[in-house]
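J.: Kindly generate the corresponding structure for this input.
(one chain, ligands or ions: 1)
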Amino acid sequence: MTVMVAAAEKAAKALKRDFGEVENLQVSRKGPSDYVSAADVKTEKTLVAELSKARPNFGFVLEEGGIITGADSEHRWIIDPIDGTTNFLHGIPHFAISIALQRGTEIIAGIVYNPITEDWYRAEKGTGAFYNNHRMRVSAHRSLDDSVVATGIPHKGRPWHEEFIQQSQRVMSATAGIRRFGTASLDLAFVAVGRFDAYWEMGLKPWDIAAGILLVQEAGGFVADLTGPGSPLDTGNILATNAQLQAPLRKVILGTP
Ligand code: LIP
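T.: Residues are numbered from 1 along each chain as shown. This is a model prediction of the structure:
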């Protein structure tokens with residue numbers, strides 16, 4: 001945990017400066033997109049360098065750099081340097097550095113850090129989850145009527161458009177509201193801290209959700225694949241809820257009896 005936090009802190013310094021610059025670039029004709037891709041790569045490089053210094057043998061699964069196999073084949077870091085890139089690109093201060101540590105197939109530690117609000121969400125397997133220095137618990141809402149449910153909306157170039165429309169139509173008539181904030185790792189962190197009662201999305205990558213999955217589990221919630229028995233880390237389709245809503249919400253999303 002110390003190693004992960006130190007790496008994220010180091011990478012966040014430059015990322016904050018880059019975000020300030022992106023806000024200025026919004027009004028320029030060329031726009032900030034090349035600049036943001038460079039910030040993504042630079043942040044990832046800092047994280048890889050810092051984590052490698054502390055744990056030279058661990059491997060990596062990286063959003064930008066792909067898979068790096070380590071001498072220690074048991075351990076690998078799963079990293080999204082800027083989760084919520086579209087928010088970052090548009091000057092919306094809701095994005096995060098997400099780092100998970102996997103041992104074998106199990107996620108054993110994770111952090112999600114929003115460098116703008118300076119909020120930390122952290123968990124280690126078996127020892128609970130923390131929001132800054134407070135212990136996190138998922139919400140206690142038992143009924144879908146009272147529940148606020150987060151999701152991700154597929155966009156141009158992504159599959160599942162038709163399915164999402166059907167799903168959200170069912171969810172909107174069964175719950176207190178749907179939210180789309182644009183950063184999967186923070187959506188999961190918000191479930192863990194009890195702000196959202198649940199979150200579902202399809203077509204995600206392991207680096208979007210690896211750390212967030214552990215946050216929800218260690219905060220007393222449930223995470224599963226949306227449709228089948230597989231792991232959302234493999235399928236990319238996720239349903240994360242508090243302790244009560246997993247089965248009823250799944251039925252509503254999928255429209256099953
Ligand atoms: C993004 C997610 C977001 C999801 C997007 C995308 P990126 O990750 O966090 O919530 O809806 O489709 O995958 O690309 O910004 O790291």
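
J.: At the contact with the ligand, which residues of this structure appear?
T.: 63, 80, 83, 84, 85, 152, 182, 183, 184, 201, 204, 208 (Cβ under 6 Å from any ligand atom). No exception for glycine: its C-beta is placed from N, CA and C like everyone else's.

J.: same thing but 8 Å
T.: 63, 80, 82-88, 95, 152-155, 158, 180-187, 201, 203-205, 207-208 (Cβ under 8 Å from any ligand atom).

J.: Can you select the buried ones among those residues for me in ChimeraX?
T.: In ChimeraX, a selection of the buried entries from those looks like this (16 or more other Cβ atoms under 10 Å):
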select :63,80,82,83,84,85,87,88,95,152,154,181,182,183,184,185,186,187,201,203,204,207,208
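
J.: Okay, and which of the residues of the chain next to the ligand map to strands?
T.: 80, 82, 83, 201 (DSSP state E).

J.: which residues sit in contact with the second one?
T.: Same thing as residue 82. 15, 36, 39, 40, 43, 88, 95, 96, 97 (Cβ atoms under 8 Å, 6 or more residues apart in numbering).

J.: Compare those and tell me which is most surrounded.
T.: residue 96 (30 neighbours; other Cβ atoms under 10 Å).

J.: and residue 149, helix, strand or coil?
T.: strand (DSSP: H, G, I helix; E, B strand; the rest coil).

J.: list the buried ones in stretch 114-128?
T.: 114, 115, 116, 120, 121, 122, 123, 124.

J.: let me redo that: stretch 234-251
T.: 235-242, 244-246, 248-250.

J.: Quick one: residues in contact with that stretch.
T.: Against stretch 234-251 from outside (Cβ under 8 Å, 6+ apart): 138-142, 144, 147, 149, 171, 187-188, 191, 194, 197-206, 209, 212-213, 216, 220-228, 232, 253, 256-257.

J.: Of those residues, keep whichever come out buried.
T.: For the contacts of stretch 234-251, buried by 16+ other Cβ under 10 Å: 138-139, 141, 144, 147, 149, 171, 187-188, 191, 194, 197-204, 206, 209, 212-213, 216, 220-226, 232, 253.

J.: Quick one: residues contacting residue 16.
T.: Residues in contact with residue 16 (Cβ under 8 Å, 6+ apart) are 115, 116.

J.: residues contacting the residue of the stretch 101-250 of the chain found nearest the ligand?
T.: The stretch 101-250 of the chain approaches the ligand most closely through residue 152 (3.0 Å), counting by Cβ to the nearest ligand atom. Counting by Cβ under 8 Å, 6+ apart, residue 152 makes contact with 180, 182, 184, 187, 201, 202, 204.

J.: any idea where the strands of the chain begin and end?
T.: Under the criterion DSSP E, the chain carries strands at the ranges 59-62, 66-68, 75-83, 96-103, 106-114, 119-124, 129-131, 134-135, 148-151, 177-179, 198-201, 222-225, 238-241.
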